[in-house]
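1. Build the 3D model from these lines:
(2 chains)
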Number of protein chains: 2
Amino acid sequence: MPNDASPTVPTALDLTGDVVALTRALVDVESVSGNEQPLADLVEQALRRHDHLTVLRDGNVVLARTETGAPERVVIAGHIDTVPLAGNLPSWIEGEGEDQLVYGRGSCDMKSGVAVQLSVAAACERPVRDVTWVFYDNEEVEAERNGLNRIARTRPELLAGDFAVLCEPSGAGIEGGCQGTMRVEVELRGRAAHSARSWMGENAVHAAAGVLGRLVDYAPRQVEVEGLTYREGLNAVDIRGGIAGNVIPDRCVVAVNYRFAPDRDAAAAEAHLRAVFAGYDLTVVDVAEGARPGLDQPAAAAFLAAVGGEPRAKFGWTDVARFSAMGIPAVNYGPGDPSKAHADDEFCPAAEIRSCREALLRWLQG
Amino acid sequence: MPNDASPTVPTALDLTGDVVALTRALVDVESVSGNEQPLADLVEQALRRHDHLTVLRDGNVVLARTETGAPERVVIAGHIDTVPLAGNLPSWIEGEGEDQLVYGRGSCDMKSGVAVQLSVAAACERPVRDVTWVFYDNEEVEAERNGLNRIARTRPELLAGDFAVLCEPSGAGIEGGCQGTMRVEVELRGRAAHSARSWMGENAVHAAAGVLGRLVDYAPRQVEVEGLTYREGLNAVDIRGGIAGNVIPDRCVVAVNYRFAPDRDAAAAEAHLRAVFAGYDLTVVDVAEGARPGLDQPAAAAFLAAVGGEPRAKFGWTDVARFSAMGIPAVNYGPGDPSKAHADDEFCPAAEIRSCREALLRWLQG
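-> A predicted model of the protein is given here:
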């Protein structure tokens, strides 16, 4: 495919051809969160052409199930939405042969992973373990809109399984579990006064020196959980204070984000922060618990063997935590460098797309 | 005057009657900055009825001069605008007899002072020192709109004199000079990163800990200048930093206000702040130099004797600094508690209005 190819928007998806071409076709159907319907339609139509799959549609979530009666069922999920465009559609290719890179919005996060799912779903007619393929919407926006979240709430039986793989970009390596995230606000109160008579007031911004000092002095944990090492972080992500250029501020708020290893739940994370900020007024704004890697589960063994390589801990929060909350061990595994997700120059190496496809096939065909 | 009096808006000013009634009349003509024309018209018309005064009008600035040929000329100035209303018009009276308080927008800052000016201007037909009475607009807004500033720039000869009194509220005591004010921004730079991998970034908000620490440790000077003690202040008046709840901030800005005694000029104030924040990136946003009290000047002696009491240092910045910049010693002297300026429950004690009027008359009549 020449570098200057300018594909038109596809009107059908061929799941049986080259998986890199399929990636480009998916990228070329714009599907910014909230606008997934055209792509969900194409995915549904393409899957329905394969008789070994039972296809269900629920809003813009598409599910495809094999029903071989195998003793084990695995869930392989990916989201079809992207963050907003940045002048990076339609897709393009840079490099040649084994070094080809697919560029364009969603190429990394995560239409290359979706292409792997679709290609393997079509190819694998008689898997040794039954598969529930999940394609869902609104992952890049608030949790209430998340399609996987909605199905888990309304039709959890559709997500039942012994093990789950989320095809988020992980550099074609296994990233186990994920860290939790908690956001708290530390509020400092003072007393306003004219800055010409500052001794009549009490400066709330100056009081934040102590809070920032504790953050500077903080030594984050590195914790081993089920064989993977998680590296925590505690950071101010926002600070605001001030009324006017001639007034002593009476209020300052420091927003702090705690990323915590999956050996801690929400209550333990909160207790830890209350100890770190003892003496300060702390409010929990939001929390999402992490997920244990679950790599010691029997269901994970065959997957690890088929994929190979050394599993790593996942630092960012992903939807694997939703499976974890349902009691299903889950890992991240997909093509693309996670640090390129959401980047304007987002891309995915073609070689990783192909290697992920082959690994999933190995695992499912036994 | 009963407490429940509901005065109508006056259509003329009587400068020869009771000075407290005149204060209420001035308060009842709304003159929020930018809307001074109706009041400037009334002031001009009232002054023109007194033949011993030469009246000039320049925009909404009204000047009235005696021309007795006395060897000395003093400038007595006040602004006729107010900050916006807060449901505090028309004026009202609380208390009885010597304890009467005049309430309403501008009663303290500074229509009671303007009433004293107008009453004394009318009463004092043959002063022992010539007087230039100045009534100006737009003191409560940005310096470029300030009427006194405009006259000083375009017709400085009108403000020439040996000594100046600004009738800003000073509790009917002499407040000498004023402190300078400088606003600087200290900018911290870091490197953005996803907060799940905070070690890839550099937190600019954490870097502000050092800046706030220096402010907390700072010991402000108390300086005696020409017999008055000035108390300085160095305060963060604003802090902003943060991109999103999951991003390590790459920038944080601390706005700092330095109120400095009039023994320092702008250059000395800046040098001091650069020393305090050595190692940090500091930008001067704005500066207004202070004014030395000038109470050791010969022109001040008769004023001090006539008014009596112990002069105090002025902490807030006022237009006395404009006179100081023209080489004219200037003091603040007027009725009303400066801490009530701009307050919703702004008021002025009637007794202070009367005592200021008597003191000015004593001084001018020799």
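2. Can you tell me the SS state at A:Thr8?
-> coil (DSSP: H, G, I helix; E, B strand; the rest coil).
3. ok, it - how many residues close by?
-> 7 (other CB atoms under 10 Å in any protein chain shown). C-betas here are computed from N, CA, C, even on glycine.
4. same check, this time on A:Val216
-> Around A:Val216 there are 15 residues (other CB under 10 Å).
5. ok, it to B:Ile243 distance?
-> 19 Å (CB to CB, to the nearest Å).
6. Same check on A:Thr132?
-> 37 Å.
7. for chain A, what are the low-confidence residue spans?
-> Low-confidence segments of chain A (pLDDT under 70): A:1-7.
8. quick one: the helices in chain A?
-> Applying DSSP state H to chain A gives helices spanning A:19-28, A:37-48, A:112-123, A:147-154, A:204-217, A:266-276, A:298-307, A:320-325, A:350-365.
9. so what's the residue nearest the centre of chain A up against?
-> In chain A, the centroid-proximal residue (CA atoms, centre = their mean) is A:Thr318; its distance is 3.5 Å. Shown in contact with A:Thr318 (CB atoms under 8 Å, 6 or more residues apart in numbering or on different chains): A:Leu166, A:Glu168, A:Cys178, A:Asn332.
10. A:Leu304 touches A:Gln297, doesn't it?
-> No. Counting by CB atoms under 8 Å, A:Gln297 is not a contact partner of A:Leu304; they are 10.3 Å apart.
11. Count the neighbours of A:Asp99 for me.
-> A:Asp99: 10 neighbours (other CB under 10 Å).
12. A:Ala351 too?
-> 16.
13. From chain B, how far off is it?
-> Using CB to the nearest CB, to the nearest Å, A:Ala351 is found at 24 Å from chain B.
14. Was I right to think A:Ala160 contacts A:Arg73?
-> Yes. If you go by CB under 8 Å, A:Ala160 and A:Arg73 touch, sitting 6.9 Å apart.
15. Now for those two: what residues contact both?
-> A:Thr132.
16. Let me see the contact set for the residue nearest to A:His272 when sequence neighbours are not counted.
-> Once flanking residues are discounted, A:His272 sits nearest to A:Arg264: 7.0 Å by CB to CB, 6 or more residues apart in numbering or on different chains. Contacts for A:Arg264 (CB under 8 Å, 6+ apart) come out as A:Gly180, A:His272, A:Gly290.
17. now A:Ala115
-> A:Val19, A:Val20, A:Leu22, A:Thr23, A:Leu26, A:Ile353.
18. what do you get for A:Gly334?
-> A:Gly78, A:Met110, A:Ser112, A:Gly113, A:Val116, A:Leu166, A:Cys167, A:Glu168, A:Pro169, A:Ser170, A:Ala172, A:Cys356.
19. Can you name the residues that contact the fourth one?
-> Put plainly, it is A:Gly113. A:Gly113 touches A:Gly78, A:Cys167, A:Glu168, A:Pro169, A:Gly334, A:Pro335, A:Gly336, A:Cys356, counting by CB under 8 Å, 6+ apart.
20. if you look at these, which of them are in strands?
-> A:Gly78 (DSSP state E).
21. that older thread, between A:Ala160 and A:Arg73, point out the one with more neighbours.
-> Shown here are A:Ala160 and A:Arg73; by other CB under 10 Å, A:Arg73 has more neighbours (20 against 12).
22. what sits against that one?
-> With contact taken as CB under 8 Å, 6+ apart, A:Arg73 is in contact with A:Arg129, A:Asp130, A:Val131, A:Thr132, A:Ala160, A:Gly161, A:Asp162.
23. and what of A:Arg183?
-> Contacts of A:Arg183 by CB under 8 Å, 6+ apart are A:Val237, A:Ala255, A:Val256, A:Asn257, A:Tyr258, A:Val284, A:Val285, A:Asp286, A:Val287, B:Gly245.
24. same question, A:Val32
-> Residues in contact with A:Val32 (CB under 8 Å, 6+ apart) are A:Asp81, A:Thr82, A:Val83, A:Pro84, A:Leu85.
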